[in-house]
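Enquirer: Let me see the structure of the following:
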Amino acid sequence: MSDISKDHLIWMYKKMKMSRYFEEKMESAYMEGKQPVFNIGAGPVPGEMHLSNGQEPAAVGICVHLKKEDTVTAPHRPHHNAIAKNVDLKKMTAEIYGKKTGLGKGKGGHMHLFDPEVKFSCGGIVAAGMPHAVGSALAAKKLGQDWVAVAFIGEGAANAGAFHESLNLAALWKLPFIVVIEDNSWGISVPKKDSTCVPFNDVRAAAYGIKGYLVKDNDPFEMYRVSKEAVERARRGEGPSIIEIETYRFLGHFQGDPELYRDKEEVPTLRTKDPIDRVKKHLIDNDMATEADMGAIDADIFKEVDEAYQFAIDSPLPEPEEALEDMFV
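Expert: I've put the predicted structure just below:
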């Protein structure tokens, strides 16, 4: 891994650790008021909740190569993508809590996070971020900018019409567009082998005459390398790419999911290959950081995330009449 700088590895570790700690806090915060009988509408964080524990390499491996002007769209499991794109953490947390200080004044919730300051958005409709990102890539090309647009999707979304239509157009117009397919093996409760006719979606790149990459075993280092190549190609005007990363979903599709469809040994086995531990070990083993250094980094991360949660908790709820504001008529 000598081709990855210490600064980039530290940045990746920080974002991965921040995302994981954020999600672990959300696990308990979300369940408040929803027990002993699960009630999806109860508690301070109502509605569905899709957490990304284990999928962090997909986000940091490419976002480390992006700049503020680059666009990122994400799906319904978006927190790790948002954190890697430097979305305002306090406003993001407040939005998840439905507070008026949130990114969308508390009206969007966790699946609809929008931060124009860093050109990030997400949505709950499968593959819906693909056309939006392609539009952003087209705008960059017409403006003569070297900006890149990245769309994160799940492997199930690669079977949606928006995936194919978007890639056809992006390839035809040679746009600076990259789709990152986070292949966690499950489309809700359906295994990939029962829904997809190819073993990995990088092979679909050939149908559009573009570049395809496959990252096996949730490898953050390999994700860094292939993403670097894909981003550099896009900035040079060499067109779009597909990156599929074989990633891990440590939790259910949503919080409260009984996960009856999964083998009981699947998650414990996946957790033995935690990508955050792999990056930490690499930093220490290669004399880039000490245990004390990593402890200090962790302490700063915990403080920042804790402050974001407290900001959200302390923020006011919208007034009822505000439901009629910010609407298209």
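
Enquirer: The stretch 151-300 of the chain: strands as residue ranges?
Expert: 177-183, 186-187, 190-191, 211-215, 241-246 (DSSP state E, counting those that start in this stretch).

Enquirer: Ok, which of those strands comes nearest residue 105?
Expert: Nearest to residue 105 among these is strand 177-183; the distance by Cβ to Cβ comes to 28.7 Å. C-beta coordinates here come from the backbone N, C-alpha and C atoms, glycine included.

Enquirer: chain center to the closest one: distance?
Expert: Here strand 177-183 is found 10 Å from its chain centre; the criterion is Cα atoms, centre = their mean, to the nearest Å.

Enquirer: Check stretch 165-176 too.
Expert: For stretch 165-176, the distance to the chain centre is 22 Å (Cα atoms, centre = their mean).

Enquirer: Using PDB, list the CA coordinates for that stretch.
Expert: Provided in PDB are the C-alpha atoms of stretch 165-176 (Å, rounded to 0.1, in the frame of the first residue of the first chain):
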ATOM      1  CA  GLU A 165     -30.500   4.700 -19.600                       C
ATOM      2  CA  SER A 166     -28.100   6.800 -17.600                       C
ATOM      3  CA  LEU A 167     -25.000   4.900 -18.600                       C
ATOM      4  CA  ASN A 168     -26.000   4.800 -22.200                       C
ATOM      5  CA  LEU A 169     -26.300   8.600 -22.300                       C
ATOM      6  CA  ALA A 170     -23.100   9.100 -20.200                       C
ATOM      7  CA  ALA A 171     -21.200   6.900 -22.500                       C
ATOM      8  CA  LEU A 172     -22.600   8.400 -25.700                       C
ATOM      9  CA  TRP A 173     -21.700  11.900 -24.600                       C
ATOM     10  CA  LYS A 174     -18.400  10.800 -22.900                       C
ATOM     11  CA  LEU A 175     -19.400  12.500 -19.600                       C
ATOM     12  CA  PRO A 176     -17.300  12.700 -16.400                       C
END
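
Enquirer: burial of the residue nearest to residue 126 when sequence neighbours are not counted, as a residue count?
Expert: Using Cβ to Cβ, 6 or more residues apart in numbering and skipping the chain neighbours, the partner closest in space to residue 126 is residue 157 (4.9 Å). For residue 157, the neighbour count with other Cβ atoms under 10 Å is 24.

Enquirer: Can you tell me how far residue 83 is from residue 229?
Expert: Distance, residue 83 to residue 229, using Cβ to Cβ, to the nearest Å: 24 Å.

Enquirer: more crowded one of those two?
Expert: Counting neighbours by other Cβ under 10 Å for residue 83 and for residue 229 shows that residue 83 has the greater number, 26 against 14.

Enquirer: all helices of this protein, in order?
Expert: 6-31, 56-63, 79-84, 89-96, 129-143, 161-172, 220-235, 266-271, 275-285, 291-314 (DSSP state H).

Enquirer: quick one on the thing from earlier: pLDDT wise, what is the residue nearest to residue 126 at?
Expert: Note on residue 157: pLDDT of 96.

Enquirer: got it, and residue 56?
Expert: pLDDT for residue 56: 98.

Enquirer: so it makes contact with residue 21?
Expert: No. Counting by Cβ atoms under 8 Å, residue 56 does not reach residue 21; the two are 11.0 Å apart.

Enquirer: So which of the two has more stuff around it?
Expert: Here residue 56 and residue 21 are compared on neighbour count by other Cβ under 10 Å; more neighbours surround residue 56, at 32 against 17.

Enquirer: Could you tell me how many residues sit around residue 217?
Expert: 12.

Enquirer: which residues touch it?
Expert: Contacts of residue 217 were listed using Cβ atoms under 8 Å, 6 or more residues apart in numbering, and they are 246, 273.

Enquirer: 7 Å - rerun?
Expert: Neighbouring residues of residue 217 by Cβ atoms under 7 Å, 6 or more residues apart in numbering: residue 246.

Enquirer: quick one: it and residue 246, what's the gap?
Expert: 6 Å.

Enquirer: same question, residue 157
Expert: 16 Å.

Enquirer: How about residue 49, nearest residue that isn't a chain neighbour?
Expert: residue 255 (4.3 Å).

Enquirer: What is the burial count for that neighbour?
Expert: 19.

Enquirer: Same check on residue 319?
Expert: Neighbour tally, residue 319, other Cβ under 10 Å: 9.

Enquirer: what's the closest non-adjacent residue to it?
Expert: Per Cβ to Cβ, 6+ apart, closest to residue 319 is residue 100, 7.9 Å.

Enquirer: Show the contacting residues for the one you found.
Expert: Residue 100 is in contact with 106, 315, 316, 317, 318, counting by Cβ under 7 Å, 6+ apart.

Enquirer: Just send these back as TSV, with pLDDT, neighbour count and distance to residue 292 too.
Expert: Putting the contacts of residue 100 into TSV (pLDDT from 0 to 100; neighbours: other Cβ atoms under 10 Å; distance: Cβ to Cβ, whole Å) gives the following:
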residue	pLDDT	neighbour count	distance to residue 292
106	95	21	40
315	98	19	35
316	97	10	40
317	96	12	42
318	93	16	44
